[in-house]
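*Asks:* how does the following fold in three dimensions:
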Amino acid sequence: MINHDNFIATEEKFKQMKMKYFNILLGLVLLLTLGSCSKEVSIDTDSPLLSSYAKTYIVQAAKGVIDKRVTLLDGTDTVTINGFLGGAFSAKEDLQLNFAIAFDSVSAYNNAHGTAYEEIPADAVAIANPTAAISVGSNKSEPVDILIKKAGFLAPFTTYLLPIRMTQSTPFKNSAIPELSMVYITVTGSYAPGTVPRTKVASLGQPEETIIVNFRDKLIVREPVGNRLLVYVPDEDGLFAEEPVIIGTGWENVKHLIYFDNDRLITIKESNGELWQFPLDYHSYSFNQEGIKSIGAGWGNVTLLTTFDHYVLPVDGDNITRFPLDANGNWDWGGIGAIGTGGWAAFTSIFQYRNSLMAIEPNGDMWEYPVTMSGTLGARTKVGSGWDMYVKVIPFGVSDLLALDNNGDLWRYEFNTAGFWPLK
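*Replies:* Numbering: from 1, shown residues only. Here you go, the predicted structure:
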């Protein structure tokens, strides 16, 4: 698992180094500017002090890790980098720079940063021009192209680390900046549109009135005809081929249904907008009659209902509010608060996936919102498109998604958010 704290610290280090060299260059520019105002001031370009700042480095390394996302089609993608000569003056002679893939640095990087990146396959990457020069009178080398082969070379949704090391072959009195003579590229491959694999696991019938709920590694379905509540258990192939178990009847007065905190169902009654909890044993499928009770009123305007850890999350208008609920069905009133600053009415589906909220727009775009326990949202990332081909999408088991289409067929995706999921 990636250690984000270490990653952020590394990014901050790069920024500090970049600012250091920027300040040096700024001082030199000011010096030259002041000198231009007086005919009496001259600059000694051979000054040891000025020459000491003339060091080579990789331009892109100063910006941190390069994140490269590719689509697994035939052909190659390219990442372009450059060498650079820092300091106030351009090169007085041709400076020859060498670039090589540093496969041996992947393990050291993972150990230092708490990450678990894979080493990119040797036959999946090449450097088109491993030697580049900073020519006399210039500060920047010619572009160096890193070629990445895709289909047949990279596994989907695996993040690889590609370190590129720069060295100097031309004798030069000032060495490279050590921290910036290596650039790290992460490479993640995703399926091409329309080629994302999926498995049909069930046919449930009329999708408009069907409600599906993740029940750990099982599935709860409120059927559209008869309004029975059913539990489907997958076989060894992950298919819901066996007859379901009936665990309840008379569930027609249900607007939303979620499985909360691994021990109860929570629903909004459509007739009066009351919120109810139904404690449910995972193994016997029996309801604890003593624990069944109304836990709230005035929930009739809720358009979507989901959960995040110990919070019930209703979407009401443009907002999501988090409501902490304990095992007895009591609210922690002091812990109630908003998630984000609005905009949630734009989505047709919202659900928890690990430590994030996933949200699907009417056009089928899927977004990931990292969420902290305090309800703070991180920057969102677009992780899919074409999900409007389904009427319902839910998380299932540890990391899969289940999606119900317009024919009532249920499909399973072996999902993760490392890559992009273009369904069509």
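
*Asks:* give the residue spans of this structure that score low on pLDDT.
*Replies:* The chain contains residues with pLDDT under 70 at 1-53, 170-174.

*Asks:* mind doing that once more with 50?
*Replies:* Residue ranges of the chain with pLDDT under 50: 1-15, 17-18, 21-22, 24-38, 41, 43, 45, 47-50.

*Asks:* quick one: the helices in it?
*Replies:* Using DSSP state H, the helices assigned to the chain run over residues 4-36, 48-51, 106-113.

*Asks:* surely residue 375 touches residue 341?
*Replies:* No. Contact criterion C-beta atoms under 8 Å: residue 375 and residue 341 do not qualify, at 11.1 Å. Every residue, glycine included, has its C-beta placed from N, CA and C.

*Asks:* what about these two, which has more around it?
*Replies:* Set side by side, residue 375 and residue 341 show more neighbours around residue 375, with 18 against 9, by other C-beta atoms under 10 Å.

*Asks:* quick check: closest non-adjacent residue to the more buried one.
*Replies:* Nearest residue to residue 375 in three dimensions, chain neighbours excluded: residue 339, at 4.7 Å (C-beta to C-beta, 6 or more residues apart in numbering).

*Asks:* that neighbour: neighbouring residues, count only.
*Replies:* Neighbours around residue 339, by other C-beta under 10 Å: 22.

*Asks:* check residue 318 too.
*Replies:* Neighbours around residue 318, by other C-beta under 10 Å: 12.

*Asks:* so what does it have for phi and psi?
*Replies:* Phi and psi for residue 318, reported as degrees, to the nearest 10, are phi -100, psi 10.

*Asks:* how about it, what does it touch?
*Replies:* Residue 318 makes contact with 342, 343, 344, 345, according to C-beta atoms under 8 Å, 6 or more residues apart in numbering.

*Asks:* separate out the buried members of the residues you listed.
*Replies:* Burial by neighbour count, 16 or more other C-beta atoms under 10 Å: within the contacts of residue 318 this picks out residue 344.

*Asks:* out of the contacts of residue 318, flag the one nearest to residue 100.
*Replies:* Checking these against residue 100 with C-beta to C-beta, the nearest one is residue 343 at 46.6 Å.

*Asks:* contact partners for residue 150?
*Replies:* By C-beta under 8 Å, 6+ apart, the contact set of residue 150 is 70, 71, 72, 73, 74, 75, 76, 77, 124, 189.

*Asks:* how far away is the fourth one from residue 222?
*Replies:* If I follow you right, that is residue 73. 41 Å (C-beta to C-beta, to the nearest Å).

*Asks:* ok, these two, which is more surrounded?
*Replies:* residue 222 (21 against 14).

*Asks:* hmm, that one is touching residue 215, no?
*Replies:* No. Contact criterion C-beta under 8 Å: residue 222 and residue 215 do not qualify, at 12.0 Å.

*Asks:* report the beta-bridge partners for residue 410.
*Replies:* Judged by DSSP bridges, the bridge partners of residue 410 are residue 202, residue 404.

*Asks:* tell me, how many residues neighbour it?
*Replies:* Residue 410, neighbours per other C-beta under 10 Å, totals 27.

*Asks:* with residue 332 instead?
*Replies:* The number of residues packed near residue 332 is 12, by other C-beta under 10 Å.

*Asks:* surely it meets residue 311?
*Replies:* No. Here residue 332 does not reach residue 311: they are 9.6 Å apart, not a contact under C-beta under 8 Å.

*Asks:* overlap of the contact sets of those two?
*Replies:* Common neighbours of residue 332 and residue 311 (criterion: C-beta under 8 Å, 6+ apart): 324, 325.

*Asks:* so which residue is dead centre in this structure?
*Replies:* Among the residues of the chain, the one closest to the centroid is residue 417, at 5.1 Å (C-alpha atoms, centre = their mean).

*Asks:* tell me the spacing between that residue and residue 188.
*Replies:* To residue 188, residue 417 is 10 Å away according to C-beta to C-beta.

*Asks:* kindly report the same for residue 394.
*Replies:* With distances taken as C-beta to C-beta, residue 394 is found 25 Å from residue 188.

*Asks:* these two: who's more crowded?
*Replies:* The neighbour comparison of residue 394 against residue 188 (other C-beta under 10 Å) goes to residue 394, with 23 against 19.

*Asks:* neighbours around the nearest residue to residue 378 once chain neighbours are set aside, how many?
*Replies:* Spatially, and ignoring its direct neighbours in sequence, residue 378 is nearest to residue 370 (3.4 Å; C-beta to C-beta, 6+ apart). By the criterion of other C-beta under 10 Å, residue 370 has 16 neighbours.

*Asks:* isn't residue 370 up against residue 355?
*Replies:* Yes. At 6.3 Å, residue 370 and residue 355 qualify as touching, with contact defined as C-beta under 8 Å.

*Asks:* and residue 155, what does it touch?
*Replies:* By C-beta under 8 Å, 6+ apart, residue 155 lies in contact with residue 189.

*Asks:* what's the answer for residue 248, then?
*Replies:* Neighbour list for residue 248: 228, 229, 287 [criterion: C-beta under 8 Å, 6+ apart].

*Asks:* burial of the first one, as a residue count?
*Replies:* By other C-beta under 10 Å, 16 other residues sit near residue 228.

*Asks:* and for the second one?
*Replies:* Residues lying near residue 229 (other C-beta under 10 Å) number 25.

*Asks:* hey, what's it bridged with?
*Replies:* Note on residue 229: beta-bridge partners by DSSP bridges are residue 222, residue 248.

*Asks:* then the last one?
*Replies:* Using DSSP bridges, the beta-bridge partners of residue 287 come out as residue 280.
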